[in-house]
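Visitor: one predicted model, sequence on top.
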Amino acid sequence: MKRVLAAALLLAALPAPALLSTTAQNEKVAKISLKVGDAAPDFTLLSDQWKPVKLSDFKGKKNVLLAVYVLAFTGG
Amino acid sequence: MDSPAANAAFAKQINIKFPLLSDMNKKMLAAYGIVKGHDVQGDTYEWAQRANIVIDKNGIIQHIEEGDSAVNLTNALSVCTDLHKKQAAK
């Protein structure tokens, strides 16, 4: 168990390019399938207040900046 | 992909004023093609790429930035500022 933890810590400590090169063969990197000029697919997601938020609610009202920020509540 | 509860704690901690959304079932992430799969010891774990996407009032994508550089919001914010200026000029 300790060995597994040490390996995990090591991976976390590696800079991103090194991590990518060592795991590239096992990684399926999805490229964003959309491009500038495309209509943004609608979605409904739960806010931090547990309320549903729909992208289409903002249509005609506001510009939307989506920031996909993974592992925001961690040091990662 | 964090839960609403984790997001609420985070929002409180850093005192932000915009909604933090959760995509626990990864539906939106899949629709936008930003889920990334890692095979670790025979199991696949999925999480999202970091990405910034600007969508204008008409629902049209105006800016996409993905990967490590998307941690920095400068480009996305400047696109938003330009959009505001253009829309105000109309």
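Guide: Ah, there it is.

Visitor: so where do the helices sit in chain A?
Guide: For chain A, helices defined by DSSP state H occupy the ranges A:2-13, A:16-23.

Visitor: which residue does chain B have closest to chain A?
Guide: With CB to the nearest CB as the measure, the residue in chain B that lies nearest chain A is B:Gly33; the distance is 3.4 Å. Where C-beta positions appear, they are placed from N, C-alpha and C, glycine not excepted.

Visitor: what's the neighbour count on that residue?
Guide: 16 (other CB atoms under 10 Å in any protein chain shown).

Visitor: for it, which non-adjacent residue is spatially closest?
Guide: When the adjacent residues along the chain are set aside, B:Gly33 lies closest to A:Ser33, with 3.4 Å between them (CB to CB, 6 or more residues apart in numbering or on different chains).

Visitor: can you pull the pLDDT of that neighbour?
Guide: According to the model's per-residue confidence, A:Ser33 sits at a pLDDT of 78.

Visitor: where does chain B dip in pLDDT?
Guide: Across chain B, the ranges flagged by pLDDT under 70 are B:1.

Visitor: domain-wise, how is chain B divided?
Guide: Each domain of chain B is listed here as a residue range: B:1-47, B:50-90, per automatic domain parsing.

Visitor: could you check how far the shortest one is from the centre of its chain?
Guide: Domain B:50-90 sits 11 Å away from the centroid of its parent chain (CA atoms, centre = their mean, to the nearest Å).

Visitor: what about it, near chain A?
Guide: Yes - Domain B:50-90 lies within reach of chain A by CB under 8 Å from any CB of the partner chain, at B:50-64, B:66, B:68, B:70-71, B:73, B:76-77, B:80, B:83-84, B:87.

Visitor: so B:Tyr32 is in contact with A:Asp42, correct?
Guide: No - taking contact to mean CB atoms under 8 Å, the distance of 11.2 Å between B:Tyr32 and A:Asp42 leaves them out of contact.

Visitor: of the two, which one has the most company?
Guide: Taking other CB under 10 Å, B:Tyr32 and A:Asp42 do not tie; B:Tyr32 has more neighbours (25 against 13).

Visitor: tell me where chain A has strands.
Guide: Defined through DSSP state E, the strands belonging to chain A, from first to last, are A:27-28, A:44-47, A:52-54, A:64-68.
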